[in-house]
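Q: Need a 3D model of the following:
(one chain, ligands or ions: 1)
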Amino acid sequence: MNVSPTRRLRLAWGGATDQGRIRANNQDAMYADSGLFVVADGMGGHQGGEVAANLAVRTVAKADREDLAQLRDAITEANQVVHETAIEQPELHGMGTTLTALAVSREAESPQFVILNVGDSRIYRHRNSQLEQLTEDHSYVAELMRRGELDEDAAAVHPYRNMLTRAIGVHAEVEIDDWVLDPVAGDRFILCSDGVTNELDDSEIAEQLTLGQDPSATAKALVGLANDRGGRDNSTVLIVDVHVELVDSTDEDLPPEDDDSQSPILAPPDQPNLPKSEVEESSVEQGRSSTVKQRSWLYDRVHIKLGTVIISVVLLVTSVAMVTTIGWYARSGYHVTVVANHVVIQKGRIGGLLWFEPTLQQWTEIQTVQLTDQDLRRLADGEQMSDLTEAQDFVANLRTRLLEAESGS
Ligand code: MN
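A: So this is what the prediction gives:
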């Protein structure tokens, strides 16, 4: 009897996600089953980011995804769903999400891996203790780096390192990168959001992967480490271990390839609620706290100088005059700049002055991904305006130009 062994793919996976130490909610989402692994990192005011990431992940998970063409269609559909939801619901305007996926394709004789990516979430492969980033980031700094205008050290601390140039849901159409790979036993894939890669460098990630813990423990360790380093963003990690078995093809007792003992992962398990709060809230809070700081400083002065009343009064009057003058200057005018991937109007001087931080005046639906390089650079630095009308006119012009460019292309 002629028995030819066949190769069978077995995957073991585990994931972890956390909102981190600073953010009020978790706008990351993830999904895992035996044939599909997805991480998404949502963005947009209100709860837009949460909604976008969840819609995208769920749409891809529900779609047909046997081969590369179907997988690309699934992501295109996710883009349409997020884009249309953002148009239909005003409170979700401008939402978007990254999406990075590792999937098993069945189009060839033996299974292959397909990687698809939009945005700056990443997929790495860990092989022979070497970590290799397989996806290309669609971010402003990554593009500057690809053009040789920025090195890795400068990129790591660049103030606009989180600005995306491509995202799911922002436009009616989206460009998707893809790669096809052969499965190799012993490979370990890491899917993660930028909350992990902004806190940890590649060598720290590699170190955790080399410890040889199971996927779930490794994912938890990486998310925990990102939190230890500051946890300034939501962080999400999915780990997939590749096992390839040679099996006797005539053995009919073998379970089918998809019949694995592991259960799928869907995080968050429920659709998040739609927005209630105002998007300006966090910035308004910042504005308030700088006012409080200024008051307590004056209060201390009064008490310390009680013994020399006259000098105190003179100092106090001078101080108040100075604070008032500087404050008036710092708070005068408006500027147009970029906050959390959106074009915004802020009250005050660019970058602030002493303890007078600029405060958010008006949020816009215009996202950094929609801007040309030239506009992005200009707004990243900020454009000072003399009054609110001038700032609003500037934004209106920008919006008109974007609409013209979009309908013209
Ligand atoms: Mn993020």
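Q: low-scoring stretches of the chain, by residue?
A: Screening the chain residue by residue with the criterion pLDDT under 70, one finds the ranges 1-5, 249-261, 271-308, 354-355, 409.
Q: Can you give me the domain boundaries for it?
A: For the chain, the domain assignment from automatic domain parsing gives the residue ranges 6-268+280-285, 333-408.
Q: Point out the most buried one among those domains.
A: With neighbours defined as mean count of other Cβ atoms under 10 Å, the domains of the chain peak in mean count at domain 6-268+280-285, which reaches a mean of 19. Yep, even glycine has a C-beta here, placed from its N, CA and C like the rest.
Q: circling back: need the domains of the chain in JSON lines with distance to the ion, can you?
A: Below are the domains of the chain laid out as JSON lines (distance: least, Cβ to the ion, whole Å):
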{"stretch": "domain 6-268+280-285", "distance to the ion": "4"}
{"stretch": "domain 333-408", "distance to the ion": "10"}
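Q: Compare those domains and give me the one nearest Ile326.
A: Shortest distance between Ile326 and these, using Cβ to Cβ, is found for domain 333-408: 6.1 Å.
Q: Please name the residues that touch Arg65.
A: Applying Cβ atoms under 8 Å, 6 or more residues apart in numbering, we find Arg65 in contact with Gly35, Leu36, Leu71, Ala74, Ala103.
Q: meant to ask about Ala53
A: Counting by Cβ under 8 Å, 6+ apart, Ala53 touches Gln27, Asp28, Ala29, Ala40, Asp41, Gly42, Thr97.
Q: what are the ranges of the strands in the stretch 1-150 of the chain?
A: Along the stretch 1-150 of the chain, the stretches classed as strands by DSSP state E, counting those that start in this stretch are 5-18, 28-33, 36-43, 96-97, 99-105, 112-118, 122-127, 130-133.
Q: Of all those strands, which one is nearest Trp179?
A: Shortest distance between Trp179 and the strands of the stretch 1-150 of the chain, using Cβ to Cβ, is found for strand 112-118: 4.5 Å.
Q: picking up where we left off before, would you mind listing the two of the contacts of Arg65 that lie farthest apart?
A: Top of the distance list for these (Cβ to Cβ): Gly35 and Ala74, 11.8 Å.
Q: Name all residues that make contact with Leu134.
A: Contacts of Leu134 (Cβ under 8 Å, 6+ apart): Ile115, Arg122, Ile123, Tyr124, Arg125, Trp179, Leu181.
Q: so which two of those are the farthest from each other?
A: Between any two of those, the greatest separation by Cβ to Cβ is 15.1 Å, found for Arg122 and Leu181.
Q: returning to that earlier point: out of the contacts of Leu134, which is nearest to Val313?
A: Arg122 (60.5 Å).
Q: which residues does the closest one form a beta bridge with?
A: Cys192 (DSSP bridges).
Q: Double-check it against Thr197; I have them as touching.
A: Yes. Checked against Cβ atoms under 8 Å, the pair Arg122 and Thr197 is within contact range at 6.0 Å.
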